[in-house]
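Novice: Fold the following for me, if possible:
(one chain, ligands or ions: 3)
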Amino acid sequence: MNRRTFLKSTGAGLLVAGSGMAWAQSAPRPLPLIPLTDLTGGIEGRISLALNKASHDFGTGAQSETFGINHDYLGPVLRVKQGQTLPFDVVNNIGETSTLHWHGLHIPGDVDGGPHQEIAHGATWSPDVPIVQHASMNWFHSHMHGRTARQTYSGLAGVLLVEDDASLSADLPKTYGVDDFTLILQDKMFDGSGKMTYALTAEVFEDGFEGDTLTVNGAIAPVAQSVPTGLVRLRILNACNARFLELSMQSGPITVIASDGGFLAAPVEAASILMSPGERYEVLVDMSTVDSNELTVNMDGGGSFFASLFGGNAATTVLTLTRRAEAGFDGAMPRRLANLAPPKASEASVTRSFQLEMDVGADLAALAASWDNFCGDAGAMAINGQPMKMDRIDEVVRKGNTEIWRVSVDDQLHPFHIHGCSFRILSQNGAAPPAYAAGWKDMVHVEEGWSEVLVRFDYEAPKDAPYMYHCHILEHEDCGMMGQFTVG
Ligand code: C2O
Ligand code: CU
Ligand code: CU
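Specialist: Ligands and ions are numbered 1, 2, ... in the order given. Modelled structure (predicted):
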């Protein structure tokens with residue numbers, strides 16, 4: 001793990017000695033609000049999303065080469081409503097082939113945006129995406145086979161908030177940018193001049209790419225200035241390639257109200273939450289009794305594996321909230337949020353097992369050296385002994401089936417994801433998941449052992465547009481720790 005140990009000042013940013021985060025802001029920067037496209041009131045015409053090549057200053061004083069979706073880095077926040085069909089026009093202008101996957105949506109395989117729905121440079125992909133699921137925080141990102149890691153790191157990622165009648169009328173903060181903030185977290189590596197870098201080595205393939213500086217909506221340690229007094233809602237996405245983030249609040253516990261696939265039954269208070277790449281959590285922060293609060297992150301979150309490797313790491317502030325006198329949302333902490341029955345494992349008719357494998361004997365150093373010109377089946381990591389192959393279907397699932405998927409791994413901590421569904425976690429190494437992860441999920445942590453989820457498949461994915469299941473450490477995914485399944 002790289003830790004810079006020297007001090008260097010550029011225009012706006014500062015390299016900090018001995019800190020877990022290499023770059024810091026020399027003056028506080030306001031939290032960038034990601035532009036909101038609110039479609040809950042109705043959709044006129046088609047929704048265009050343009051994948052662009054651009055440049056962006058993360059606060060280091062230098063322009064970094066980035067990708068963005070309608071913007072110079074990352075995409076818009078799309079707010080839509082259950083029951084709508086989203087007529088997208090996704091235009092690719094990045095100079096290389098890409099795809100755009102709707103992570104978390106319960107949609108058929110042919111509009112899923114996975115590796116089979118390539119969009120060549122200059123082409124437009126126009127899927128009509130039906131929104132059938134309940135209120136939930138989803139996201140979209142590149143899923144270009146072999147290039148998912150670099151394209152997503154460069155900025156091809158955005159947030160899609162699904163609302164429903166219940167969430168729109170719920171007594172919760174929901175004024176965007178006032179008491180309701182969407183936060184996209186991505187770790188970055190910068191060179192000495194403050195430009196974002198990404199480089200692959202054998203070690204990076206093994207650990208996944210980890211930057212030493214965490215950014216929030218494209219800024220380093222920003223400040224949400226003068227948020228109203230009362231409850232404030234943070235909708236958080238870990239869009240890092242590989243980093244698990246352990247989040248907590250500087251003052252008081254962290255109160256979780258929703259996970260990947262929707263609301264929890266009731267708010268859950270925790271000392272900290274562990275977020276893998278790809279995961280989303282919504283939290284409420286009580287700004288009625290404090291003048292400021294801080295969202296802090298232990299960048300080496302990840303429990304025993306990371307602690308044993310790095311000896312733990314002190315938490316660093318990634319977002320400061322400062323309060324103004326006027327009230328915003330003036331309701332109380334909700335007592336109930338949703339009906340959420342415990343998962344019934346007895347409903348499963350099939351159990352499938354998946355063994356994630358890091359080492360299938362490939363030469364990772366040679367692969368890293370030739371990666372820039374490479375795209376496709378790397379054959380270097382595997383599931384059940386089979387590295388991902390675009391032309392091989394690994395599992396065939398019957399539509400309407402409820403199944404138990406058991407995922408095992410020998411070493412490291414891996415975040416496992418399944419397309420086209422939400423699931424419930426039954427067990428992580430024999431233990432129940434933490435209460436904040438007991439609701440609807442599409443990501444599960446698998447650490448030196450096994451995890452089991454209960455999942456139901458309700459939408460079709462044909463042979464030419466299968467769903468994926470994979471490790472969401474994007475370099476592992478690109479290397480082949482991914483498989484394909486049909487539903488029919
Ligand atoms: Cu977030 Cu298959 O992806
Ligand atoms: Cu997905
Ligand atoms: Cu992995």
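
Novice: could you pull out the helices for the stretch 151-300 of the chain?
Specialist: Taking DSSP state H, counting those that start in this stretch, the helices of the stretch 151-300 of the chain run over residues 165-169, 202-207.

Novice: Present the ones you listed as CSV; the columns should include distance to Ile43.
Specialist: For every residue, glycine as well, the C-beta is placed using N, CA and C. Shown next, in CSV, are the helices of the stretch 151-300 of the chain (distance: least, C-beta to C-beta, whole Å):
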stretch, distance to Ile43
helix 165-169, 16
helix 202-207, 41
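
Novice: need the contact list for Thr37.
Specialist: Each residue near Thr37 by C-beta atoms under 8 Å, 6 or more residues apart in numbering is listed here: 47, 76-79.

Novice: now with 7 Å?
Specialist: 76-79 (C-beta atoms under 7 Å, 6 or more residues apart in numbering).

Novice: Next step: those restricted to strands.
Specialist: 77-79 (DSSP state E).

Novice: tell me which of those residues is nearest to ligand 2?
Specialist: Leu78 (16.0 Å; C-beta to the ion).

Novice: For the chain, list the residues in contact with ligand 1, please.
Specialist: The chain has residues 101, 103, 141, 143, 278, 417, 419, 468, 470, 472 near ligand 1, with proximity defined as C-beta under 6 Å from any ligand atom.

Novice: How confident is the prediction for Ser26, by pLDDT?
Specialist: Per-residue pLDDT puts Ser26 at 75.

Novice: how near is it to ligand 3?
Specialist: 36 Å (C-beta to the ion, to the nearest Å).

Novice: That residue: neighbour count?
Specialist: Using other C-beta atoms under 10 Å, Ser26 is surrounded by 14 other residues.

Novice: Backbone dihedrals for the residue positioned nearest the centre of the chain, please?
Specialist: In the chain, the residue lying closest to the centroid (C-alpha atoms, centre = their mean) is Gly278, at 2.7 Å. Phi and psi for Gly278, reported as degrees, to the nearest 10, are phi 90, psi -20.

Novice: so it touches His414, yeah?
Specialist: No - using C-beta atoms under 7 Å, Gly278 makes no contact with His414, being 11.1 Å away.

Novice: so what's the residue of the chain positioned farthest from its centre up against?
Specialist: Ranked by distance from the centre of the chain (C-alpha atoms, centre = their mean), the top residue is Ala325, with 33.6 Å. Residues in contact with Ala325 (C-beta under 7 Å, 6+ apart) are Thr229.

Novice: Could you do the one 5 residues further on as well?
Specialist: Each residue near Asp330 by C-beta under 7 Å, 6+ apart is listed here: Gly230.

Novice: check which helix or strand covers it.
Specialist: In this structure, Asp330 sits in neither a helix nor a strand according to DSSP states H and E.

Novice: now Thr320
Specialist: Counting by DSSP H and E, Thr320 is found in strand 316-327.

Novice: Please give me every residue in contact with whichever residue of the stretch 351-488 of the chain sits closest to ligand 1.
Specialist: Per C-beta to the nearest ligand atom, Met468 is where the stretch 351-488 of the chain lies closest to ligand 1, at 4.8 Å. By C-beta under 7 Å, 6+ apart, the contact list for Met468 reads 114, 419, 482, 484.

Novice: Look up which residues are beta-bridged to it.
Specialist: Gln484 (DSSP bridges).

Novice: how close does it get to Ala224?
Specialist: Computed as C-beta to C-beta, to the nearest Å, the Met468 to Ala224 distance reads 35 Å.

Novice: Repeat that for Leu160.
Specialist: 22 Å.

Novice: wait, isn't Leu234 in contact with Leu185?
Specialist: No - in this structure, Leu234 is not within contact of Leu185 by C-beta under 7 Å, at 10.8 Å.

Novice: follow-up on the earlier one: per-residue pLDDT of the residue farthest from the centre of the chain, please?
Specialist: pLDDT for Ala325: 83.

Novice: swap in the one 4 residues further on?
Specialist: For Phe329, the pLDDT comes out at 92.

Novice: Which residue is the nearest non-sequential neighbour of it?
Specialist: Pro173 (3.8 Å; C-beta to C-beta, 6 or more residues apart in numbering).

Novice: List the buried residues in the strand holding Thr320.
Specialist: 316, 318-323 (16 or more other C-beta atoms under 10 Å).

Novice: Give me the neighbour count for the residue nearest to Met358 when sequence neighbours are not counted.
Specialist: Of all residues not flanking Met358 in the chain, Met381 sits nearest, at 5.8 Å (C-beta to C-beta, 6+ apart). Residue neighbour count, defined by other C-beta under 10 Å, stands at 27 for Met381.

Novice: Which pLDDT value does the model give Met381?
Specialist: So Met381 comes in at 97 (pLDDT).

Novice: With Tyr459 instead?
Specialist: 98.

Novice: what's it in contact with, if anything?
Specialist: Tyr459 sits next to 106-108, 420, 487 when contact means C-beta under 7 Å, 6+ apart.

Novice: Now do the buried residues in the helix or strand hosting Ser55.
Specialist: Applying DSSP H and E as the criterion places Ser55 in strand 47-56. By 16+ other C-beta under 10 Å, the buried positions in strand 47-56 come out as 47, 49-52, 54, 56.

Novice: can you pull the contacts of the closest residue to ligand 1 within the chain?
Specialist: The chain approaches ligand 1 most closely through His103 (3.5 Å), counting by C-beta to the nearest ligand atom. Shown in contact with His103 (C-beta under 7 Å, 6+ apart): 138-141, 278.

Novice: Report the mean confidence score over stretch 370-378.
Specialist: 87.

Novice: Pro334 reaches Pro267, doesn't it?
Specialist: Yes - Pro334 is in contact with Pro267 according to C-beta under 7 Å; the separation is 6.4 Å.

Novice: And those two? Which one has more around it.
Specialist: Legend: neighbour count by other C-beta under 10 Å for Pro334 and Pro267, higher for Pro267 (19 against 15).

Novice: How many residues are close by the nearest residue to His419 once chain neighbours are set aside?
Specialist: Counting by C-beta to C-beta, 6+ apart, His419 lies nearest to Tyr467, which is 3.9 Å off, once chain neighbours are set aside. Using other C-beta under 10 Å, Tyr467 has 24 neighbouring residues.

Novice: where's Tyr467 relative to ligand 3, distance?
Specialist: Between Tyr467 and ligand 3 the computed distance is 18 Å (C-beta to the ion).

Novice: how long is stretch 247-254 end to end?
Specialist: 8 Å (C-alpha to C-alpha, to the nearest Å).

Novice: can you put the ones in strands among the contacts of Thr37 in TSV and add distance to Lys195, pLDDT and neighbour count?
Specialist: What follows is the ones in strands among the contacts of Thr37, written out as TSV (distance: C-beta to C-beta, whole Å; pLDDT from 0 to 100; neighbours: other C-beta atoms under 10 Å):
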residue	distance to Lys195	pLDDT	neighbour count
Val77	27	98	24
Leu78	30	98	21
Arg79	33	98	19
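
Novice: any chance of those residues in JSON lines, with distance to Thr289 too?
Specialist: Output for those, formatted as JSON lines (distance: C-beta to C-beta, whole Å):
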{"residue": "Val77", "distance to Thr289": "29"}
{"residue": "Leu78", "distance to Thr289": "34"}
{"residue": "Arg79", "distance to Thr289": "30"}
